[in-house]
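> give the three-dimensional model of this entry:
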Amino acid sequence: MKKRLGLIILSVMMLGAGCGRSESESTLDKQEESFPSTSTIQDIPVTATQQIPYWAQEMRTEGNLYQNLNLDGIGDADDAAYVSIFQFDDYEEKVVVIQVHLGTGETIAKIFPVYGVYNFQTGKLFSKDKDAIILGVRNPTSNYNATDIFILDVYPVEADPVPYIVTRLDTTETPNILFFGNPTLDAGNTYVTGYTEVVDIGGSPLQGLEVPVFDYSTGQYQELKKILYWKDGEWSLSDD
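You can find the predicted model right below:
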């Protein structure tokens, strides 16, 4: 009798242990199913011959063509530039794109992560034989006409068979304290407050820029004028 009772108890224990393993495995399977598998992600390369999804297509909202330019010092004013704004979503994710087409046949471009009403100028800032591009882009959210300035130089076609654009000045990256040349100014309260104007520099074959500046670092509004010009491979600054 005791032997039979022992066998029954042993059988029940083995059955309980077997049921416990099945329940644990079932729970583990459910937990694994709750996490998404990376194998469900579809990576679909889209070639130029395929249709890009409509929601991923950029939209050119506006643009201006500038012709009869001399940006590389080659030919007779046979270069051109196209400035445009591209939008990438339904809101305000926009960039400014400038494309330069040279008379020698090449097209080169620069993209700037800003947008707004822009102003395009050229001037002999770096060479008397060719023009640089001065692009001003007003900040649409500013109530004091804050403006970003980009100065571009096509460099140098004759010495290099592959032309490219050098950004000589980008006020979104250059600290204001360096740009205005005055360490006493508070960079957080000093801004370019409008478009620049190309001006002649006395005694120099090169031109410079008159830069309007808004300064509130002293607690009082000041509207300053600075002359920015290129000398000995770097920017120099003087008062009007």
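
> please count neighbours and contacts with C-alpha atoms only from this point.
Noted.

> surely Leu224 touches Thr193?
No: Leu224 is not in contact with Thr193 according to C-alpha atoms under 8 Å; the separation is 9.6 Å.

> who's more crowded, these two?
Thr193 (22 against 14; other C-alpha atoms under 10 Å).

> which residue is the nearest non-sequential neighbour of that one?
Leaving aside its chain neighbours, Thr193 sits nearest to Ala146 (4.5 Å; criterion: C-alpha to C-alpha, 6 or more residues apart in numbering).

> so what's the one you found scoring on pLDDT?
Looking at Ala146, its pLDDT reads 86.

> show me what contacts the spatially most central residue of the chain?
Compute the mean C-alpha point of the chain, and by C-alpha atoms, centre = their mean the closest residue is Pro113, 3.1 Å away. When contacts are counted by C-alpha atoms under 8 Å, 6 or more residues apart in numbering, Pro113 touches 94-96.

> run the last query once more with 7 Å
By C-alpha atoms under 7 Å, 6 or more residues apart in numbering, Pro113 lies in contact with 95-96.

> now Gly123
131-133, 198, 207.

> on that earlier part again, so the residue nearest to Thr193 versus Val211, what's the distance?
According to C-alpha to C-alpha, to the nearest Å, Ala146 and Val211 sit 12 Å apart.

> what's the closest non-adjacent residue to Ser84?
Gly63 is the one closest to Ser84 (C-alpha to C-alpha, 6+ apart), at 4.0 Å.

> rewinding a little: okay, and the common contacts of Leu224 and Thr193?
What both Leu224 and Thr193 touch, as defined by C-alpha under 7 Å, 6+ apart, is the set 212-214.

> output those in CSV; the columns should cover distance to Glu106 and neighbour count.
Output for the shared contacts of Leu224 and Thr193, formatted as CSV (distance: C-alpha to C-alpha, whole Å; neighbours: other C-alpha atoms under 10 Å):
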residue, distance to Glu106, neighbour count
Pro212, 35, 19
Val213, 37, 21
Phe214, 39, 20
